[in-house]
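Peer 1: I would like the atomic coordinates for the input below:
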Amino acid sequence: MAMLGALFGKKPIQCWVIKQVDDGLLHLCEKGTLDTRQKHRQALQDMRTGHYQGGVRMGNTGIVLNSNLFATLIPLEELNLGDDYRAQWQGAQWEVSKVPQRCWTWTGRLTTQPNTLGALPRLVSTEDIGSLSKRVDTSATPHGKVVFRAHGDLEPPTRDVDDAMERARRQRRLKDDGWKDRDE
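Peer 2: Numbers count the residues shown, from 1 in each chain. Down below sits the predicted model:
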């Protein structure tokens, strides 16, 4: 589609893909490109007013995601991202947290944690699972040893091991018995 757009003069609309906006903090996914058949001016206007609905091609990954997964799409020229991962947008300074690819489709809240690699960006976004752990009913959790098996698997989990050991014993007995027959 990008090649056809280049041939026919349709300029791709690039944007910053923001997953979540917190007080003074932007959760930034990636640069993106609108994947739309709308006219350039209309798509840009829809994006600026927060009404764009459609696909967003994420960076150079080839992944196209629905714009509804994101808090906002910002035209590339309207947000200035510095080398220190601080951004200038809407006349304000913003701290930026990098959203890893695994969180792009997460529909819950994001939280931040320091980048353990010590490099920039200083903050990395991660799924906020705090609300999930609050809903866990600890009285419903099993006590003792828990064995995970396929649903409907009625065989004991060690059956394959037991069978393999029994086959090995039989083969050893047959081998030993066969050897004894030759000696007699």
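
Peer 1: contacts and neighbour counts: CA atoms only from here.
Peer 2: Will do.

Peer 1: How many residues are close by Gly118?
Peer 2: Counted with other C-alpha atoms under 10 Å, the neighbours of Gly118 add up to 9.

Peer 1: same thing with the one 5 residues further on?
Peer 2: For Leu123, the tally of surrounding residues (other C-alpha under 10 Å) stands at 21.

Peer 1: give the contact list for it.
Peer 2: Val96, Ser97, Lys98, Thr112, Gln113, Pro114, Asn115 (C-alpha atoms under 8 Å, 6 or more residues apart in numbering).

Peer 1: Same question for Asn66.
Peer 2: Contacts for Asn66 (C-alpha under 8 Å, 6+ apart) come out as Gln53, Gly54, Gly55, Val56.

Peer 1: Just the ones in strands from the residues you listed, please.
Peer 2: Using DSSP state E, the subset of the contacts of Asn66 located in strands is Gly55, Val56.

Peer 1: Throw the contacts of Asn66 into TSV and include pLDDT, thanks.
Peer 2: Output for the contacts of Asn66, formatted as TSV (pLDDT from 0 to 100):
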residue	pLDDT
Gln53	95
Gly54	95
Gly55	96
Val56	97
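
Peer 1: Select from the contacts of Asn66 the one having the most neighbours.
Peer 2: Val56 (26 neighbours).

Peer 1: Pairing partners for that one in the sheet, please.
Peer 2: Beta bridges link Val56 to Leu34, Leu65, judged by DSSP bridges.

Peer 1: tell me which element Arg173 is part of?
Peer 2: Per DSSP states H and E, Arg173 falls inside helix 159-183.

Peer 1: in that helix, what counts as buried?
Peer 2: Along helix 159-183, not one residue counts as buried under the neighbour rule (16 or more other C-alpha atoms under 10 Å).

Peer 1: Please identify the helix or strand for the residue lying closest to Thr72 once chain neighbours are set aside.
Peer 2: Sequence neighbours aside, Ile18 is the residue nearest to Thr72 in space, at 5.4 Å (criterion: C-alpha to C-alpha, 6 or more residues apart in numbering). Applying DSSP H and E as the criterion places Ile18 in strand 14-22.

Peer 1: What average pLDDT does the helix holding Arg173 get?
Peer 2: Mean per-residue pLDDT for helix 159-183: 76.

Peer 1: now it: how far from the chain's centre is it?
Peer 2: Taking the mean of its C-alpha atoms, helix 159-183 sits 50 Å from the chain's own mean (C-alpha atoms, centre = their mean, to the nearest Å).
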